[in-house]
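Engineer: Just need the structure, nothing else, for what follows:
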Amino acid sequence: MKTFPTNSPRKKIKIRWGTHENGDYYIHTTGVEVTPFVIHLKWDAKKNAPQKKGLWAVTHLFTGKGIGVYGSYKFCKAVAEDIMDEPLVWLPCESMWRDNPDVGRVGAKLQRLKEEHERLGRWW
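Structural biologist: The predicted model follows:
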């Protein structure tokens, strides 16, 4: 399975960042994509700019939804790579997630992974 690069990215990419009333919404920010996730600088929607230098976030590539993982690049990388083996994260749309019987178990696993990798620089 492909993994994220060891060092944080410097290249700007276009990321689907959710859906709004006018359709899909995209941002252009520093990040790296490894299906099914994107690690990118945490975005401030009000300023339409990255929130804080050095603060990263993990977003689901297919839906553009954040998965609640914020912190150093190393922290985001560790959590994203450890949850990639779950079939749930490979589903293409949010409605398939909601109706999936594994959603509770995967959510609990994600929480455990965030706690397990906290020493790498978790941001609350």
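
Engineer: secondary structure element for Glu115?
Structural biologist: Using DSSP states H and E, Glu115 maps to helix 103-116.

Engineer: low-scoring pLDDT stretches of this protein, where are they?
Structural biologist: For the chain, the stretches with pLDDT under 70 are 1, 124.

Engineer: Quick check: which element contains the most centrally placed residue in the chain?
Structural biologist: Closest to where the C-alpha atoms of the chain average out (Cα atoms, centre = their mean) is Val58, at 1.7 Å. Using DSSP H and E, Val58 maps to strand 56-60.

Engineer: Equivalent analysis for Lys77, please.
Structural biologist: Assigned by DSSP H and E, Lys77 belongs to helix 73-83.

Engineer: just the angle between the helix or strand following the strand holding Val58 and helix 103-116, please?
Structural biologist: Of the helices and strands lying after strand 56-60 in sequence (DSSP H and E), the nearest is strand 66-71. Calculated by axes from the mean of the first three to the mean of the last three Cα atoms, to 10 degrees, strand 66-71 forms an angle of 10 degrees with helix 103-116.

Engineer: could you give the angle of strand 66-71 to strand 56-60?
Structural biologist: 160 degrees.
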